[in-house]
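Asks: structure, please.
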Amino acid sequence: MEKQDVIAALAALAHETRLDAFRQLVQAGPEGMAAGALAAALDTPPATLSFHLKELRNARLLTSERSGRHIRYAPDFASMNALVGYLGENCCGGSC
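Replies: Predicted coordinates:
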């Protein structure tokens, strides 16, 4: 993962609503959740959540798929794992 991608991902997660949304989607698993269900679970207005989901998607932390009138969001586990890997790179001088 490139440094600019890491910065974008961390910046996207550095907001309470976005962090809550990302964690909720991680708990939902690879199938993710419809935006409306996520808004209800987080007690967040849909328009507000839409803005935050766009930021997470732009940071490549989420994927989205349209299903009829609904958009389903899911965590991009490969990106999440790459971010964690980047942060843990060279941990403890390689003794971890």
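
Asks: tell me the buried residues in stretch 3-18?
Replies: Buried positions in stretch 3-18, judged by neighbour count with 16 or more other Cβ atoms under 10 Å: Ala8, Ala9, Ala12, Leu13, Thr17, Arg18. All C-beta atoms are positioned from the backbone trio N, CA, C, and that covers glycine.

Asks: all strands for this structure, in order.
Replies: 33-34, 62-67, 70-75 (DSSP state E).

Asks: return the most buried member of those strands.
Replies: A comparison of the strands of the chain by mean neighbour count, using mean count of other Cβ atoms under 10 Å, puts strand 70-75 on top with a mean of 18.

Asks: that older thread, switch the strands of the chain over to JSON lines; also include mean pLDDT and distance to Thr48.
Replies: Listed next are the strands of the chain as JSON lines, based on pLDDT from 0 to 100; distance: least, Cβ to Cβ, whole Å:
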{"stretch": "strand 33-34", "mean pLDDT": "96", "distance to Thr48": "16"}
{"stretch": "strand 62-67", "mean pLDDT": "94", "distance to Thr48": "16"}
{"stretch": "strand 70-75", "mean pLDDT": "96", "distance to Thr48": "14"}
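
Asks: would you list the buried residues of stretch 3-18 in a markdown table and tack on distance to Val84?
Replies: Listed next are those as a markdown table, based on distance: Cβ to Cβ, whole Å:
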| residue | distance to Val84 |
| --- | --- |
| Ala8 | 15 |
| Ala9 | 10 |
| Ala12 | 15 |
| Leu13 | 12 |
| Thr17 | 21 |
| Arg18 | 17 |
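
Asks: hmm, Leu19 and Leu13 touching each other?
Replies: Yes: taking contacts as Cβ atoms under 8 Å, Leu13 lies within contact range of Leu19: 5.3 Å.

Asks: follow-up on the earlier one: of the buried residues of stretch 3-18, just say which sits nearest to Asn81.
Replies: In terms of Cβ to Cβ, no member of those lies closer to Asn81 than Ala9, at 11.6 Å.
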